[in-house]
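Asks: please work out how this folds:
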Amino acid sequence: MKRNYCPFKGPFFDSYSIGFRLYQPGEINWRHRTIAGVSWNGEEQEAFFFSPDGLVLPLKANPWELPELIRKNAVRREFSSVHGSGYFAMSESRLASLKSRGMTDWVTYWLVDQSAGFANDPAVWQRITDEDLAVEKTTSERAHKDMRLTSDLNGYVEECVAQRREQMDAVHRRRCIEDSKILAWLKGETPPPLFANAQEAA
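Replies: Coordinates of the predicted model:
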């Protein structure tokens, strides 16, 4: 019996609150939090969302809204296909069983062109930083003029730009570390809890 309602709004539910989302053109995108595609069984209303690296993400599909997201964003599709590996992926035994029956109910959709890259890539981050600092330079020049500051314009602008660069570098380091942890978790490579080691040592 199929559900006739969904307990959440939106095409998918991020039950771990990781911040998984579709690629957003013109915004800062992080590789392991981006939804690159979805393998969808419209008959059984089951879905496996995956990252650009093909790792399955722990997301629940809203069967009433997911088809519209697919219609608007799919850039290509593959019939009779289930894509994705990692801890949250479909089990090998189930996948083998489906393949033996043809997997007719499944279609894999790749969502949104991701040609602009991810902030994890140093070259992409450099471009993002350069664009942001150019805006900061213009803004600080205008602020110096509007506030009628008597300090040296160049010195003021350089200080503002340096502070902004430092803020951006700190955010980038923190987000890259977090993204690496998400990658390990999706692969199932996270270390055991600390208390488990303490029990083993006892």
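
Asks: how about the nearest residue to residue 83 once chain neighbours are set aside, phi and psi?
Replies: Nearest non-adjacent residue to residue 83, counting by Cβ to Cβ, 6 or more residues apart in numbering: residue 108, 4.5 Å away. Every residue, glycine included, has its C-beta placed from N, CA and C. Phi and psi for residue 108, reported as degrees, to the nearest 10, are phi -100, psi 130.

Asks: same question for residue 106.
Replies: Dihedral angles for residue 106 - degrees, to the nearest 10 - are phi -110, psi 140.

Asks: and if you look at the one 3 residues further on?
Replies: When quoted as degrees, to the nearest 10, the phi and psi of residue 109 stand at phi -120, psi 130.

Asks: next, count neighbours for it.
Replies: Burial measure for residue 109: 22 neighbouring residues, criterion other Cβ atoms under 10 Å.

Asks: enumerate every residue touching it.
Replies: 37, 38, 39, 40, 70, 73, 74, 76, 77 (Cβ atoms under 8 Å, 6 or more residues apart in numbering).

Asks: now do the contacts for the closest residue to it other than its chain neighbours.
Replies: Leaving out its chain neighbours, the residue that sits closest to residue 109 by Cβ to Cβ, 6+ apart is residue 74, at 4.3 Å. Under the criterion of Cβ under 8 Å, 6+ apart, the neighbours of residue 74 are 109, 110, 111.

Asks: how does it look with 10 Å?
Replies: Each residue near residue 74 by Cβ atoms under 10 Å, 6 or more residues apart in numbering is listed here: 37, 38, 107, 108, 109, 110, 111, 112.

Asks: now compare those and name the two farthest from each other.
Replies: 107 and 112 (16.7 Å; Cβ to Cβ).

Asks: returning to that earlier point: can I get the contacts of residue 74 in a markdown table with secondary structure and distance to residue 149?
Replies: What follows is those, written out as a markdown table (DSSP: H, G, I helix; E, B strand; the rest coil; distance: Cβ to Cβ, whole Å):
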| residue | secondary structure | distance to residue 149 |
| --- | --- | --- |
| 37 | strand | 51 |
| 38 | strand | 53 |
| 107 | strand | 61 |
| 108 | strand | 58 |
| 109 | strand | 54 |
| 110 | strand | 51 |
| 111 | strand | 48 |
| 112 | coil | 44 |
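
Asks: selection in ChimeraX covering whichever of these are buried, please.
Replies: To isolate the buried members of the contacts of residue 74 in ChimeraX, using 16 or more other Cβ atoms under 10 Å:
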select :37,38,107,108,109,110,111,112
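
Asks: just the contacts of residue 74 now: which is nearest residue 140?
Replies: Nearest member of the contacts of residue 74 to residue 140, counting by Cβ to Cβ, is residue 112, at 34.5 Å.

Asks: could you measure from the closest one over to residue 173?
Replies: 27 Å (Cβ to Cβ, to the nearest Å).
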